[in-house]
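Student: can you look at this prediction? I've put the sequence above it.
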Amino acid sequence: MAETVVLLCRCFGEIDGVVDLDGIAGRLREENQDTSVYLLDSLCQEDDGPKIETLFREEKARKVITALCAGDRGHHSRRNALRNAGVGPSGHATVDLREGCAWIHRSDPAGATEKALDLVSMALAALAEKETSRDVTTAVHPRCAILGAGPAGLAAAAALAGQGIPVHLIDRADRPGGMLNLISKIYPEDDDAKSRIDPFVREMEVNERITFHPRSRVTAVTGFAGNFKITAEGPDGPFRFRAGAVIIATGAGVFLPRGLYRYGELKEVITQIELERQWIKGTPEKKRFAFIQCVGARSPERPYCSTICCPSSLKNAVRVVAEIPGGEATVFHRDIMTPGSVLEEYYRRSMEKGVRFVRFQEDGPPEILGEKAVEAVRVRDAGSGKEHVLPVETVVLSTPLVPNRDNGALSTLFRVGLDSHGFFSETYPLHPLETRLDGIFIAGSARWPVSSEKAMEQGQGAAMKALALLRRDRLSALSLSRTPEEKPGHGTVAENACTGCGNCVAVCPFEACALQERDGGRFVSRVNKMRCKACGSCVSVCPNGTMQIPEQNYRVTAAMIRRSFSS
């Protein structure tokens, strides 16, 4: 039996074909009496996990070093085997022998072997100094707060309620549906917008697990994943509740093009939303329509593409030529944006049905002609270089979606950042519905302009993300990791030595550090372990070493340096 076990992987000759693992094993056994060393052909095969678990139970070791490749094949099996054997993050270290030694130093076997021995010895020194973070847990409140009752919010509410999770659905408006209440048909199927949203609205009305709070807004938030304390203001005053997760689905607003293309000067110059209102009332009276794209978008003020403007214009232009007798539609554009095969086919069908397209340069936008009413549009065709004057009766401006007016306040309340445009931005590339704070999710046009169909898909996706958290009875701080394995500890403070400088509070990206007052007006730092991600930012700026992560404390680093230079 040994306190520490070192597993040296041959990797079927990929490592020991260069590195002298037998020599390393001999030196390790000679220099470390309480260490057992094993040479294995692999550590990534399907049956390696049970072998490791059996070995550890026999050795009754508390610490392990796995010296292998830098890849992640077999990682889950090894992790589970070590966990089953009672070895946590503080008792485990890995060493890269393949990519970092054998492969990169293939022409220098002796040097590769010395480097490998140094790395394993440093890992042994580190394990001797590692400590274990004290875990904490919280009871999970099995309900979800959803902000916004548009397509994304309604889809999320229906999905969660269908899984037995109570939902508080909060919206500024007096009825659910969001922007779909302003639209007659939706692309690319050209379905009635009401038919798309009605099933979710009916679910909200009949499902007792969904509580809809109209004309309401969130005013205060405290807590963390599993236990958010939320205060909101409604028509009847403030109300409070707890939720284990939050989905922000507040949607976006519509840009009003004041001062552009004579909008507000000529009544026949309207926006897409204003045209939608005409369709809801009936068939528009005018016959000749011009659609102008990128009005207020892809500009210095808003340099992004809103993604929905071109498909919306195609939809309405086709309706003009198909539903208005003698109707004509011309789309003036800098580029037509229809990503994906479905929207590309939608674009081609619009041309087949008689919609005309004229491309213009950014520095030569269309000019609206007419003194008291719209009479024509003058533009220089970017393809032919010729100037055209097309008689029209109505000009429809395609304007972008812009951030919801509440984003700034919600960003402050929930501590989730916004991008330079004002949309919620702090999501992960591989997890685009998750924020940097556990338990808070973003869906729909709150994070970026999307169609109603995509918003619903994102709402359902966010609901499933939240469900994985809300299904737990209790939540462990160490389980809140961005990687498949447990979090490698969390920050701790030696309160007697803390000077209350606040450096940790300033740099923590997860809002985990805060200053608390002690007797005599002295302030010390405290770490919320449920928020901490063990990133180490606080440790790097602490002026006197008060802040440490036990599993990677300053003694660990010092021991590794001493061992490296003592050989």
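Tutor: Arrived safely.
Student: any idea how far apart the tips of stretch 381-398 sit?
Tutor: 19 Å (CA to CA, to the nearest Å).
Student: what's around residue 516, how many residues?
Tutor: 11 (other CB atoms under 10 Å). Every residue, glycine included, has its C-beta placed from N, CA and C.
Student: no, scratch that, I was asking about residue 353
Tutor: With other CB under 10 Å as criterion, residue 353 counts 15.
Student: from residue 377, how far off is it?
Tutor: 21 Å (CB to CB, to the nearest Å).
Student: got it, and residue 301?
Tutor: In terms of CB to CB, residue 301 sits 23 Å off from residue 377.
Student: neighbour-wise, which of these two wins?
Tutor: The neighbour comparison of residue 301 against residue 377 (other CB under 10 Å) goes to residue 377, with 23 against 8.
Student: confirm that one sits in a strand?
Tutor: Yes: according to DSSP: H, G, I helix; E, B strand; the rest coil, the state of residue 377 is that of a strand.
Student: would you confirm that it contacts residue 328?
Tutor: No: between residue 377 and residue 328 there is no contact under CB atoms under 8 Å: 12.0 Å.
Student: low pLDDT regions in the stretch 51-200 of the chain?
Tutor: Counting by pLDDT under 70, the stretch 51-200 of the chain has low-confidence residues at 72-74.
Student: which parts of it are strands?
Tutor: For the stretch 51-200 of the chain, the strands defined by DSSP state E, counting those that start in this stretch cover 63-68, 92-96, 137-139, 144-147, 167-170, 185-186, 191-192.
Student: now the angle from the longest one to strand 92-96?
Tutor: Pointing back at strand 63-68 there. Counting by axes from the mean of the first three to the mean of the last three CA atoms, to 10 degrees, strand 63-68 points 20 degrees away from the direction of strand 92-96.
Student: what segments of the stretch 451-567 of the chain are strands?
Tutor: Counting by DSSP E, counting those that start in this stretch, the strands of the stretch 451-567 of the chain are 474-476, 492-493, 513-517, 523-527, 547-548.
Student: can I get those strands in TSV including distance to residue 382 and mean pLDDT?
Tutor: Below are those laid out as TSV (distance: least, CB to CB, whole Å; pLDDT from 0 to 100):
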stretch	distance to residue 382	mean pLDDT
strand 474-476	57	93
strand 492-493	63	94
strand 513-517	55	94
strand 523-527	58	94
strand 547-548	59	95
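Student: what's the closest of those to residue 410?
Tutor: Closest to residue 410 of the strands of the stretch 451-567 of the chain is strand 513-517 (CB to CB; 20.5 Å).
Student: which residues sit against that closest one?
Tutor: 491, 500, 502, 504-505, 523-528, 538 (CB atoms under 8 Å, 6 or more residues apart in numbering).
Student: give the buried subset of the residues you listed as a PyMOL selection command.
Tutor: Here is the PyMOL selection string for the buried members of these, based on 16 or more other CB atoms under 10 Å:
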select buried, resi 491+500+504+505+524+525+526+527+528+538
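Student: can you tell me which of the contacts of strand 513-517 is nearest residue 387?
Tutor: For the contacts of strand 513-517, the nearest to residue 387 is residue 505 (61.4 Å; CB to CB).
Student: re earlier: could you dump the strands of the stretch 451-567 of the chain to JSON lines with distance to residue 17?
Tutor: Shown next, in JSON lines, are those (distance: least, CB to CB, whole Å):
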{"stretch": "strand 474-476", "distance to residue 17": "42"}
{"stretch": "strand 492-493", "distance to residue 17": "44"}
{"stretch": "strand 513-517", "distance to residue 17": "48"}
{"stretch": "strand 523-527", "distance to residue 17": "46"}
{"stretch": "strand 547-548", "distance to residue 17": "41"}
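Student: among the ones you listed, which comes closest to residue 140?
Tutor: When those are ranked by proximity to residue 140 (CB to CB), strand 474-476 comes first, at 5.3 Å.
Student: what residues sit buried inside the closest one?
Tutor: Buried residues in strand 474-476 (16+ other CB under 10 Å): 475-476.
Student: so residue 12 sits in a strand?
Tutor: No: membership of residue 12 in a strand is not supported by three-state DSSP, which gives helix.
Student: need the longest helix for this protein.
Tutor: Assignment by DSSP state H gives helix 109-129 as the longest helix of the chain.
Student: which other helices and strands does that one contact?
Tutor: strand 4-9, helix 21-31, strand 63-68, strand 92-96, helix 554-566 (3 or more CB pairs under 8 Å, 6 or more residues apart in numbering; DSSP states H and E).
Student: could you dump these into JSON lines with distance to residue 168 and mean neighbour count added?
Tutor: Shown next, in JSON lines, are those (distance: least, CB to CB, whole Å; neighbours: other CB atoms under 10 Å):
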{"stretch": "strand 4-9", "distance to residue 168": "50", "mean neighbour count": "24"}
{"stretch": "helix 21-31", "distance to residue 168": "58", "mean neighbour count": "16"}
{"stretch": "strand 63-68", "distance to residue 168": "46", "mean neighbour count": "24"}
{"stretch": "strand 92-96", "distance to residue 168": "41", "mean neighbour count": "21"}
{"stretch": "helix 554-566", "distance to residue 168": "45", "mean neighbour count": "14"}
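Student: who's residue 263 bridged to?
Tutor: Beta-bridge partners for residue 263, by DSSP bridges, are residue 266.
Student: that one contacts residue 397, correct?
Tutor: Yes: between residue 263 and residue 397 a contact is recorded at 6.2 Å, counting by CB under 8 Å.
Student: wait, residue 4 touches residue 130, no?
Tutor: No: counting by CB under 8 Å, residue 4 stays clear of residue 130, with 11.4 Å between them.
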